[in-house]
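S.K.: let me see the structure of the following:
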Amino acid sequence: MSFITRTDQVALLKSVLADRQKGETFFFWHIKVKEVMHGTNANLKDQMLIWRRQRKEGKVKIEPYNNVTKKIQGEDWYILVVQDPIEENNRGLDPIGFGFDTAYLVSGLIYCFKSEHNRDATYKFVMGLK
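M.R.: Take a look at the predicted model:
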């Protein structure tokens, strides 16, 4: 078991922002690799298809009330939280949530989008909304 402090997570998110790649659409904490991963529009399209299939199979859920805006060093980021519908299956709090200007403690996986449009379009597609 490993622990991460809020100070560690704030420092991590600062370094993530400093190292951002051109063309990056979103980033998230990869639970198995234990590091922040970046994704492009192409990665997002692939992931949206996976999430949509999983949602139809009842394996993931995205609650609209978790789609919030948070700040990292005063910069807005648009949050999408992907969760297992069975709360006990969620792996606890996503450590990336500790690094925002005001901590965001939610179970499931936090995805941080630079564009509100991309976050909202992802949510609508996965949930089968127009």
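S.K.: give the other helices and strands that the helix or strand hosting Ala121 contacts.
M.R.: Assigned by DSSP states H and E, Ala121 falls within helix 116-127. Helices and strands touching helix 116-127, by 3 or more Cβ pairs under 8 Å, 6 or more residues apart in numbering; DSSP states H and E, are strand 24-30, helix 41-56, strand 75-82, strand 109-113. (Glycine included, C-beta is placed from N, CA and C.)
S.K.: what is the orientation angle of it with strand 75-82?
M.R.: 10 degrees (axes from the mean of the first three to the mean of the last three Cα atoms, to 10 degrees).
S.K.: nearest residue to Trp29 in space, please, no chain neighbours.
M.R.: Ile96 (4.3 Å; Cβ to Cβ, 6 or more residues apart in numbering).
S.K.: surely the one you found forms part of a helix?
M.R.: Yes - counting by DSSP: H, G, I helix; E, B strand; the rest coil, Ile96 falls inside a helix.
S.K.: is it true that it touches His30?
M.R.: No - assessed by Cβ atoms under 8 Å, Ile96 is found out of contact with His30, at 10.1 Å.
S.K.: wait, which of the helices and strands packed on helix 116-127 is closest to Val126?
M.R.: helix 41-56 (4.5 Å; Cβ to Cβ).
S.K.: paired strands for the helix or strand following the closest one, with orientation please.
M.R.: Next along the chain after helix 41-56, taking DSSP H and E as the criterion, comes strand 69-72. Strand 69-72 has the following sheet partners, assigned by DSSP bridges: strand 75-82 (antiparallel).
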